[in-house]
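A.B. asks: any chance you could fold what I've pasted below:
(chains A, B and C, ligands or ions: 4)
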Amino acid sequence: MSDVAHAHGHDEHGHHAHPTGLMRWLTTTNHKDIGTLYLIFALVMLFAAGSMALLIRAELFKPGLQLLHPDFFNQLTTMHGLIMIFGVIMPAFSGFANWQVPLMLGAPDMAFPRMNNWAFWLLPVAGILLMGSFLLPGGAVAGGWTMYPPLYIQGGISYDLTILAVHIMGLSSIMGSINIITTILNMRAPGMTLMKMPLFCWTWLITAYLLIATMPVLAGAVTMLLTDRNFGTHFFNAAGGGDPVMFQHIFWFFAHPEVYILILPAFGIVSQVIPTFARKPLFGYASMVYATASIAILSFIVWAHHMFTVGMPAAAQLFFMFSTMLIAVPTGVKVFNWVATMWRGSMTFETPMLFAIAFVCLFTIGGFSGLVLAIAPVDIQLHDTYYVVAHFHYVLVSGALFSIFAGIYYWLPKWTGHMYDETLGKWHFWLSVIGMNIVFFPMHFLGLAGMPRRIPDYALQFTEFNQIATVGAFIFGFSQLIFLAVVLKTVKGGAKATSKVWEGAEGLEWTVPSPAPYHTFETAPVVK
Amino acid sequence: MKIMWQRTGAALAAWGACQTAYAEYAYNLQEPASPIASQVFHLHNMIMLVCLGIFVVVFGAMFYSLIKHRKSVGHQAAHFHENTTVEVIWTVIPFVILMGMAYPAAKVVIAMKDTSNPDMTIKITGYQWKWGYDYLNEGVSFYSTLATPRTQIENAATKGEHYLLEVDEPMVVPVGKRVRLLITANDVLHAWWVPALGAKQDAIPGFIRDSWFEADKIGTYRGQCVELCGKDHGFMPIVVNVVSEADYKAWVEKKKGAAASAAADNGKTFDQAELVARGEKVYAANCAACHQANGMGLPGTFPAISGSKVATGPIDAHIEVVLNGRPGTAMAAFGKQLSDADIAAVVTYQRNAWANKMGDAAQPAQVAALRGGAEAAAPAAQ
Amino acid sequence: MSLAQTDKYYLPQPSIWPIVGSVALLFMAVGGTMLMREIDHGGWVLLAGMAILFYMMFGWFREVIRDSEAGRYNKQVDSSFRWSMSWFIFSEVMFFAAFFGALFYTRVLSVPWLGSGDTMQQLWPHFQAAWPTAGPGLSGEESHFTPMHAWGIPAINTLLLLSSGVTVTWAHWGLKKGARGQLILGLALTVALGLVFLGLQAYEYHHAYTEMGLTLGAGVYGATFFMLTGFHGFHVLVGTTMLIVMLGRSIAGHFTADHHFAFEAVSWYWHFVDVVWVLLFVLVYWLI
Ligand code: HEA
Ligand code: HEA
Ligand code: CUA
Ligand SMILES: [Cu+2]
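C.D. replies: Ligands and ions are numbered 1, 2, ... in the order given. Okay, the predicted model is just below:
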């Protein structure tokens, strides 16, 4: 992409004695340390929330109640959803942003290193509040990750803790996003114009904007829940002139943009990986930027497609149906651009590329089922069934999570200075792709046939597909242990990585040595 | 074109149906039994096929490239990276395809939303965890709860054919009539759904939202609550019996007779043993879901009745909790759902079961008196 | 703006303040929950959390002020501050948008639905939809209240806040032309106006609770009224506190004519709070 006239990566540091041990991590202001912390947090949470998913799948292996009490089942579903979204995908993307944005822009660090630290260290606090509530009387929240009242008003102490945890996570996201936006807008190396930035920075810039625009809305929504629960307000109670559906409107005004927050950085990662292994520049860079921006703008006017069954007037249904369908256009542009990037390239298939290709293909399946759900009359049949569960796992697991795997394999050599074990990586890939499809593809059929989501027990005609899904879940889940092994092995040692790592890699991050020194670009490079 | 899609869709569906080892095991939406459900069925087939077509084209190209344009076969990378013409084409074509989908979809939306000119109207209320039906024209009312025995759920008995999809009192409607549904809830959100009839509507406490269906064929159609409503969300099925006009009339008459004899009970005085026996049934049907059959509740979520201060305290306070519930908690006001006789019975049962040995009894008249009083001095609903 | 090659961007040393802040929020969340759930000693845990938070803010801000006074913040850093403050205010706008959205939704949609059609006939037969309302189903004290009118204290408060916007700008002019007296006087006046505003609002709340029956529980009108004006009032409190800090720093001789972003940030914030008030005045007090 951009040529580098002057790169710099030596370590002339030791201004002051840095704290060591635990204090190093608690007090660090270094973007690489903080990026690492985010990624470790996400990995731990992946195993926590994944274990909950495996419990859910185990219970659903057979009709009848086997392992779990129905209320505990609902707790697992809710916490699985909350933690996967707020504790795995979002922190992992923040980890990538912390590591990569300064490296890609030629900046010495993030704009606000202290605030950066705080944005991370709020997450474990939220994590304690959420996970801790499993231990309290009544258990964790069981009202679904969507937190709909009045069910949410009924619950006990863990519901209050969860609301406060959401506030804290929101605070963390807002601080993190302000930091990223400021870094991107203000700290690019000379010559690095906006339209020369790697696409990953663009997608994060727009994601950060979405976060700042929607997180406060979520905070407002859960604040109203809190006061309805504890201070006698009647926002969501018809007897007092409120409306439970109002919560859904406010919540989805946040949560629909949120799902793009969960996918735009994934688009960014994939847009870095594919050109590298196709050895060909990204096709349609400018249209990628415009498509990302269009998705972000459209995402604010489609929220009620999650609410087609609340009984909206026909005009509202039509509006939200049409606007939702429109999102397929810019997303399609992206898919076509990726395919065009591969077209007539000179491709090799290292693990990051494999995950990126699987991403393009499987995310599109998820996108198509999204489009089916966007058609209001069809959604009315499929809403709150396993079809929706299939849809969002295709976009979240083979979408967001696979892009994270791709990004880890892609940049881990730069971060650790060691190559990962390619054989193990390929095993991880193939088991994940196969396992993932075995879990989630049959769920389309379950949904079509009428199996509701969030139920611990089901009618007999759903048995076979559930059994297949459960088997797949265990294959997929346990293959993640391979991932863990690869990462640990690479951190410990392995073949030395060169500074460029990949033959086709382009961009500033590949001009610094591997592992990237603690301080990089203290003097800004010049980009021509 | 449209006909072709529909034919292909039907063929695919038929193929799906052939795969069924068991009767209802399939790859597509359930067989429609109402005009709306069948419109949705065809709409879905059409959209699925379009998506399938696009998928084949796009990923055909991608996999071709993956095979031909790899380094290991010696392919050299080209260097193009933009082309305004193709970029415009692949923005416009999807847009046109979407318009082609939007038009038929909009027609179905409008047909679904048109609830005018019903032949009959039924009000449906969701409760934790049962459905209440009020036939507004006929004056028939009843509750419908899960009929599957606990033993089947707990794997102590073999599961019946309609495991979890069977109720004690199904909703009954005549075939070929436009039935308008007024749907609401009493406590939390629920959603009423019968897939084959193509009607799904959230039940929202404090609001009425309407929906409708017109069943084509006589038969029994089954569905479930599809909005998370707490612990027993998975256990509140819906069964609709579609019957002939004559059978429907007969059913209405039978229901009216049953209602009259239930009303007579409210005027009677019972002895304690009768009340306890009746109360045990009421308890099992209405209260055991939360407070558990052994009266121990679930610690932290639902209080125990066995040994509870309320159930071993003044009887009027006990009746009032059951009549009015505890606002802001899962404990609903049962005053509207249960008759005076049933409330008297369940209170008497609670006071004399498990560790509670009060030895007293509540009478329907007592409940009736408290109902009047409660109305006047209702505590602030909060 | 992109980085200049010669000018180094200031990177702070490791800092303990963020983790102290996290501990504070943990205590506050746990303590707050205990208080709401009526578990003993919740208040103390909450207070401990708040104390730690104040300690953190004190320490963190002192560090930032020292860095600033030591001249470590060059133009580039200054520009970062400007971006970040703008985005922060944008996030605040969206926070208020949620509550304004709730007000709009209830007034324009849900209350009329409750009072018409099948919802009214089947569920709330006696309800007449009108604004303000405590809703169709409350009984007892919560359902009887007098709405708050615009042309008393609220109108005076509008004048106060608008004038405070003028005084803070006047102070800024003073700072820019090096007239420290004008800066200090302007700030002092702004602080005074803010305090009087808060005093009047406290009086208004007291009056509402004791004499008008207007409480948080007074249906959706009470809920939206108190949440909107309450969060606004809280922002005025924060803004006033920050102004007091700026006043102190001005007296201590901080800030120069071309390097005083802290002051500007506070005045941006203050103007934002002002604008929110004007919206509140029109939508919450006036148009009822
Ligand atoms: C990463 C997250 C993510 C992403 C990217 C998406 C993307 C989309 N989603 Fe999804 N969605 C979720 C996460 C996501 N979703 C989640 C978590 C839920 C459930 C929440 C809950 O209830 O718990 C949900 C639920 C959900 C619903 C509500 C279902 C219900 O509850 O009833 C709907 C309905 O419209 C929907 C639609 C869409 C659409 C149209 C897209 C589009 O953006 C997809 C666009 C992509 C394509 C269409 C494919 C590529 C395009 C082409 C190849 C071009 C050519 C195509 C055509 C012309 C057709 N989603
Ligand atoms: C990014 C988000 C994300 C991800 C990655 C996943 C991953 C998975 N999800 Fe999740 N899911 C959601 C987001 C996500 N989910 C959301 C938002 C909901 C909705 C919640 C709601 O309804 O409110 C949901 C709901 C949901 C349901 C529906 C529950 C219900 O409606 O009742 C199911 C059911 O099968 C399911 C399954 C799975 C499975 C099998 C995985 C697998 O991919 C998981 C793979 C497993 C692992 C990665 C763990 C590996 C662990 C081990 C190998 C054990 C070893 C253990 C240790 C070392 C500690 N999910
Ligand atoms: Cu009722 Cu779910
Ligand atoms: Cu959405």
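
A.B. asks: touching ligand 3 at all, the one helix or strand residue B:184 maps to?
C.D. replies: In this structure, residue B:184 sits in strand B:179-185 according to DSSP states H and E. No. Applying C-beta under 6 Å from any ligand atom, one finds strand B:179-185 separated from ligand 3 by no less than 8.0 Å. For the C-beta atoms, the positions are set from N, CA and C on the backbone; glycine is no exception.

A.B. asks: and that strand, how far from the chain's centre?
C.D. replies: Here the centre of strand B:179-185 is set off from its chain's centre by 12 Å, with C-alpha atoms, centre = their mean, to the nearest Å.

A.B. asks: who's in contact with the residue in the stretch 201-350 of chain B that chain C sits nearest to?
C.D. replies: Closest residue of the stretch 201-350 of chain B to chain C, C-beta to the nearest C-beta: residue B:208 (4.1 Å). Applying C-beta atoms under 8 Å, 6 or more residues apart in numbering or on different chains to residue B:208 gives the contacts B:123, B:182, B:183, B:184, C:117, C:118, C:119, C:122, C:123.

A.B. asks: over to residue B:204?
C.D. replies: Shown in contact with residue B:204 (C-beta under 8 Å, 6+ apart): A:238, A:243, A:244, A:245, A:310, A:311, B:184, B:185, B:189.

A.B. asks: how near is the residue of the stretch 201-350 of chain B closest to chain C to residue B:124?
C.D. replies: According to C-beta to C-beta, to the nearest Å, residue B:208 and residue B:124 sit 10 Å apart.

A.B. asks: joint contacts of these two?
C.D. replies: Between them, residue B:208 and residue B:124 share these contacting residues under C-beta under 8 Å, 6+ apart: B:182, B:183, B:184.

A.B. asks: check contacts around the last one.
C.D. replies: It refers to residue B:184. By C-beta under 8 Å, 6+ apart, residue B:184 lies in contact with B:123-126, B:203-209, C:122-123.

A.B. asks: and ligand 2, which of the residues you listed contact it?
C.D. replies: By C-beta under 6 Å from any ligand atom, no member of these lies near ligand 2.

A.B. asks: so residue B:119 sits against residue B:179, correct?
C.D. replies: Yes. The pair residue B:119 and residue B:179 passes the contact test of C-beta atoms under 8 Å, sitting 6.9 Å apart.

A.B. asks: near ligand 1, which residues of chain A are found?
C.D. replies: A:146, A:259, A:262-263, A:305-306, A:324, A:327-328, A:331-332, A:335, A:364, A:367-368, A:370-371, A:373-374, A:379, A:383, A:388, A:391-392, A:395-396, A:399-400.

A.B. asks: nope, chain C is what I was after
C.D. replies: Close to ligand 1, as judged by C-beta under 6 Å from any ligand atom, chain C has no residues.

A.B. asks: list the buried ones in the helix or strand hosting residue C:192?
C.D. replies: Assigned by DSSP H and E, residue C:192 falls within helix C:180-207. Buried residues in helix C:180-207, defined by neighbour count with 16 or more other C-beta atoms under 10 Å in any protein chain shown: C:182-184, C:186-191, C:193-195, C:197-198, C:200-201, C:204-205.

A.B. asks: who does that helix touch, helix- and strand-wise?
C.D. replies: helix C:153-176, helix C:219-251 (3 or more C-beta pairs under 8 Å, 6 or more residues apart in numbering or on different chains; DSSP states H and E).

A.B. asks: tell me which of those helices sits most buried.
C.D. replies: Highest mean neighbour count among the helices and strands packed on helix C:180-207 (mean count of other C-beta atoms under 10 Å in any protein chain shown): helix C:219-251, with a mean of 21.

A.B. asks: okay, now the residue of the stretch 51-200 of chain B found nearest ligand 3: neighbour count?
C.D. replies: Closest contact between the stretch 51-200 of chain B and ligand 3, by C-beta to the nearest ligand atom, is at residue B:190 (3.4 Å). Using other C-beta atoms under 10 Å in any protein chain shown, residue B:190 has 32 neighbouring residues.

A.B. asks: cool, and the one 4 residues further on?
C.D. replies: By other C-beta under 10 Å, 24 other residues sit near residue B:194.

A.B. asks: which SS class is the closest residue to it other than its chain neighbours?
C.D. replies: Of all residues not flanking residue B:194 in the chain, residue B:223 sits nearest, at 3.7 Å (C-beta to C-beta, 6 or more residues apart in numbering or on different chains). For residue B:223, the assignment made with DSSP: H, G, I helix; E, B strand; the rest coil gives strand.

A.B. asks: shouldn't residue B:223 be in contact with residue B:201?
C.D. replies: No. Judged on C-beta under 8 Å, residue B:223 makes no contact with residue B:201 at a distance of 11.3 Å.

A.B. asks: quick check: phi and psi on the spatially most central residue of chain B?
C.D. replies: Compute the mean C-alpha point of chain B, and by C-alpha atoms, centre = their mean the closest residue is residue B:225, 2.6 Å away. Main-chain dihedrals, residue B:225, degrees, to the nearest 10: phi -70, psi 130.

A.B. asks: distance of residue B:138 relative to chain A?
C.D. replies: Between residue B:138 and chain A the computed distance is 25 Å (C-beta to the nearest C-beta, to the nearest Å).

A.B. asks: I misspoke; the intended subject was residue C:62.
C.D. replies: Going from residue C:62 to chain A by C-beta to the nearest C-beta gives 13 Å.

A.B. asks: which secondary structure element contains that residue?
C.D. replies: Using DSSP H and E, residue C:62 sits in helix C:42-69.

A.B. asks: give the next helix or strand downstream of that helix.
C.D. replies: Following helix C:42-69 in sequence order, the next helix or strand is helix C:75-104 (DSSP H and E).

A.B. asks: what's the next secondary structure element after that following helix?
C.D. replies: Counting by DSSP H and E, the element after helix C:75-104 in chain order, helix or strand, is helix C:111-114.

A.B. asks: quick one: contacts of that following helix?
C.D. replies: Here helix C:111-114 has contacts from A:238, A:241, A:243, B:206-207, C:119-120, C:124, C:127, C:129-131, C:133, C:135-136, C:220, using C-beta under 8 Å, 6+ apart.

A.B. asks: helix or strand with the lowest mean pLDDT in chain C?
C.D. replies: Least confident helix or strand of chain C, by mean pLDDT, DSSP states H and E, is helix C:117-118 with a mean of 90.
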